[in-house]
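**Student:** Structure of the sequence below:
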Amino acid sequence: MRFLKNLLFIILSTSFAQTIHSMENPSLYIASRDGNIDNVKTLLENNANVDEKSVDSITPLYIASLDGHKEIVNILLKHKANVDALSKNNCTPLYAASQNGHAETVKILLEHKANVDALAKNNCTPLYAASSVGHTDVVKILLENKANVDTLAKNNCTPLHIASLYGHAETVKFFLSIKLMLIH
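**Tutor:** Predicted coordinates:
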């Protein structure tokens with residue numbers, strides 16, 4: 001068991017090392033990932049590149065959104081970070097925040113005009129991502145911001161289909177209540 005833990009640590013460390021090795025200055029990426037508000041502020045005051053991308057095209061805004069660091073997301077956006085910067089898989093910061101259930105971060109990104117229907121790899125939207133893991137609170141926020149409820153992913157599933165497939169009853173009930181309101 002100890003061997004497996006050590007092996008996992010090496011793999012994860014190597015992956016992280018490859019991610020930051022491609023960057024001219026990974027400090028802002030690391031501070032954003034770690035939620036270090038003071039370091040983020042200091043780096044930006046000293047002209048750190050707010051949109052510098054890793055080897056996977058991950059920006060500091062994306063990694064802060066992924067981890068739900070809403071204060072850092074706000075700071076980066078105030079410094080003109082690209083709200084719709086795409087990762088290697090065409091995922092946006094909104095997609096990352098939606099998939100991980102960070103409702104407050106989702107609201108902040110939408111207030112800064114994030115594309116609510118941005119298509120990631122396989123035609124998945126932030127709404128699809130939130131639905132696939134049962135984040136009903138995020139689903140509600142996305143729909144309040146006019147997310148397209150009927151977008152088909154490449155697997156021919158809508159957000160309702162994927163929520164049902166993975167057994168997210170609360171999300172399914174919410175979608176069905178919306179559909180009923182649209183019919184009447």
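
**Student:** contacts and neighbour counts: CA atoms only from here.
**Tutor:** Noted.

**Student:** In this structure, mark out all the helices, start to finish.
**Tutor:** 2-21, 27-34, 37-45, 60-66, 70-78, 93-99, 103-111, 126-132, 136-144, 159-165, 169-183 (DSSP state H).

**Student:** Can you verify my assumption that residue 35 contacts residue 69?
**Tutor:** Yes: with contacts counted by CA atoms under 8 Å, residue 35 reaches residue 69, the gap being 5.9 Å.

**Student:** Pull the contacting residues for residue 120.
**Tutor:** Residues near residue 120 by CA atoms under 8 Å, 6 or more residues apart in numbering: 89, 90, 91, 92, 95.

**Student:** Wait, the first one touches residue 121, no?
**Tutor:** Yes: checked against CA under 8 Å, the pair residue 89 and residue 121 is within contact range at 5.3 Å.

**Student:** now the contacts of residue 120 as CSV including pLDDT and distance to residue 101?
**Tutor:** CSV is the format used below for the contacts of residue 120 (pLDDT from 0 to 100; distance: CA to CA, whole Å):
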residue, pLDDT, distance to residue 101
89, 92, 19
90, 94, 19
91, 97, 15
92, 98, 14
95, 98, 10
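
**Student:** Quick check: of those, which lies closest to residue 144?
**Tutor:** Distance ranking of those against residue 144, using CA to CA, places residue 95 first at 15.9 Å.
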